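Visitor: the amino acid sequence is not available; the structure is as follows:
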């Protein structure tokens, strides 16, 4: 499947899980999509294992209108900081309002809880988020990848091959009517 012409936003900040950013980035760009790094601020962000990623756009200056899909890498520090940033939460929510595919892995689901978009949805995450997701109205399952109406979720870096394959597939399909806020 080709993603030529698709624009994929990646939203993260310092402390992201390196492979959960770099692997999906490589997967979507290998299929022809353009990738844009969005962060709350700064010229660059650094992953927990040292990967540096240039920031293209701040969350306050970004709009879901500019993109076809969103990817939320995990990492405890990354997700905890993003869920406290109002512009990042609003941006993530707007992808759901526009029915666009969203990929989330590991602790990234905290951002979706804060955005109020998991109620009634089925997804997976790092196991420590199970209770948080259930308390927010989601159905949590322990599977390597779960797809629910354009929402692709996985648990850990071990799940990246399955996550990347489904992410590319969902972006290729485009908007999903069931992907709502």
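Guide: Sure thing, it's come through. As the structure is a prediction and not an experimental result, all values here were calculated from the model. Numbers count the residues shown, from 1 in each chain.

Visitor: could you give the average pLDDT over stretch 162-170?
Guide: Stretch 162-170 carries an average pLDDT of 98.

Visitor: stretch 129-142 too?
Guide: For stretch 129-142, the mean per-residue pLDDT is 98.

Visitor: repeat for stretch 107-114
Guide: Stretch 107-114 carries an average pLDDT of 98.

Visitor: okay, now the residue lying closest to residue 23 once chain neighbours are set aside: neighbour count?
Guide: Among residues not flanking residue 23 along the chain, residue 160 sits closest, at 4.6 Å (CB to CB, 6 or more residues apart in numbering). Where C-beta positions appear, they are placed from N, C-alpha and C, glycine not excepted. The burial count assigned to residue 160 is 22, neighbours taken as other CB atoms under 10 Å.

Visitor: quick check: the gap between residue 160 and residue 172.
Guide: Using CB to CB, to the nearest Å, we find residue 160 at a distance of 18 Å from residue 172.

Visitor: which helix or strand contains residue 81?
Guide: Secondary structure assignment for residue 81, by DSSP states H and E: helix 76-82.

Visitor: gap between the following helix or strand past that helix and the chain center?
Guide: Scanning forward in sequence from helix 76-82 by DSSP H and E, the next helix or strand is helix 86-97. Distance of helix 86-97 from the chain centroid (CA atoms, centre = their mean, to the nearest Å) equals 11 Å.

Visitor: you'd agree residue 95 is up against residue 63?
Guide: No: applying CB atoms under 8 Å as the test, residue 95 and residue 63 come out as separate, 10.1 Å apart.

Visitor: of these two, who's got more company?
Guide: More neighbours surround residue 95 than the other of residue 95 and residue 63, with 26 against 12 (other CB under 10 Å).
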